[in-house]
Structures are given as structure tokens and as C-alpha cells.
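# next comes the sequence, and after it the predicted model I'd like to discuss.
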Amino acid sequence: MIKLLRIDQRLVHGQVATYWVRSTEADTMVVINDKAATDSMTKMSLKLGKPAGVRFEILTLKDGIDYINSPSNKKRKILIIVGNCKDGRKVCENSPEVADVNIGGIHYEEGRVSITNQVFLTQEDLDELDKMEAYGKNVFLQSIPNEQKIYLKEVHEIYNKNK
């Protein structure tokens with residue numbers, strides 16, 4: 001069972017390993033990121049953030065989609081982490097079991113618009129998020145579980161106000 005898909009450029013860090021694993025009651029974390037899955041240094045550093053007692057996979061986009069859709073993993077409580085909106089959309093497009101998409105952390109870069117102090121989006125990011133919502137996914141921004149959710153409609157409003 002997929003508990004949550006989180007979009008977070010940092011992939012695995014304290015908020016994910018502590019708050020999100022606990023709040024989703026995940027027993028499996030799956031990082032789906034082509035660069036992380038093929039770079040041994042990145043892989044090693046991500047594994048340092050793995051909570052005890054939680055299965056941890058770092059997979060390419062293709063392998064990650066195959067893994068989360070595998071019948072042998074249906075009883076697992078899976079927290080998926082991707083690094084960007086495009087990969088998140090591809091996961092949503094290919095995995096009907098994803099219900100909730102959490103936008104967690106996307107760094108500032110030139111051309112990105114501030115939504116919160118941890119999330120900066122481009123129009124392309126918004127387009128990808130809109131596609132996820134069109135697939136029937138519940139898309140929201142939330143850094144940690146006890147914060148108020150900002151749903152996609154309000155994300156658009158903030159984007160338009162701040163651009």
C-alpha cells in the first residue's frame with residue numbers, strides 16, 4: 001500500500017526520516033531518482049538517513065515504478081520520495097495506487113517563484129502538479145505533518161501573487 005508520494009529535492013533528510021515515516025507508519029521508503037540510483041556516493045549518503053527498522057530502496061524511475069506496482073509489495077506501507085515534480089508526475093501516471101502527493105521541498109533557483117520558505121516552483125512544476133491532480137491525486141504542500149496543508153488551488157494563487 002502506498003502511503004504517500006513526497007516531492008523533495010533533498011530526498012532523504014531529518015523531516016522525511018523522522019516525521020513522515022512516523023506519520024505515514026511506513027515500513028518501506030523508496031527513493032525514486034535516476035541520479036541517486038546510479039551514483040554510489042549519493043546512494044551511500046542517502047542510506048545514512050534511513051530510519052532503523054525501515055526497509056530502504058533507492059531505484060531508478062523505471063525500476064521504482066516496477067517496485068511499487070509489484071504484487072509482492074502490496075502489503076508494505078510505502079513512502080515514496082522523488083526529487084522533482086516531473087518524476088512525481090511519471091510515478092502518478094504509472095501507479096494508480098498513489099492517492100496523496102506531498103510537495104515538501106524544492107530549492108530556490110533563478111526563475112522559480114516562492115510559495116513558502118522551502119518550496120519554489122516554476123510554471124512547468126505547476127503544470128506537472130496539475131496533471132497529478134487530473135489523475136485524481138490529492139496534491140498538497142506540507143513541510144511536516146503537523147503543519148497546515150496548502151492545497152494545489154492555493155499554491156496556484158500564491159504563485160500568481162508572487163510571480
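That came through fine.

# need the helix or strand of this protein with the lowest average pLDDT.
The weakest-scoring helix or strand in the chain, judged by mean pLDDT, DSSP states H and E, is helix 14 (a mean of 79).

# give me the distance from the helix or strand just after that one to the chain's centre.
Sequence-wise, the next helix or strand downstream of helix 14 (DSSP states H and E) is helix 21-24. Centroid separation for helix 21-24 versus its chain: 14 Å, with Cα atoms, centre = their mean, to the nearest Å.

# so after helix 21-24, what's the next helix or strand?
Per DSSP H and E, helix 21-24 leads on to strand 28-32 as the next helix or strand towards the C-terminus.

# where in the protein is pLDDT low?
Using pLDDT under 70 as the threshold, the predicted model of the chain has no low-confidence range.

# which stretches of it form helices?
14, 21-24, 34-38, 40-48, 61-69, 85-94, 123-134, 152-162 (DSSP state H).

# still on that earlier bit, what does the least confident helix or strand of the chain rub up against?
With Cβ atoms under 8 Å, 6 or more residues apart in numbering as the test, helix 14 has contacts from residue 49. All C-beta spots, glycine's among them, are computed from the backbone N, C-alpha and C.

# next: stretch 25-35.
The set of residues that contact stretch 25-35 without belonging to it, under Cβ under 8 Å, 6+ apart, is 3-4, 11-12, 16-17, 20-21, 37, 42, 46, 50-51, 53-61, 64-65, 67-68, 73, 76-83, 87, 91.
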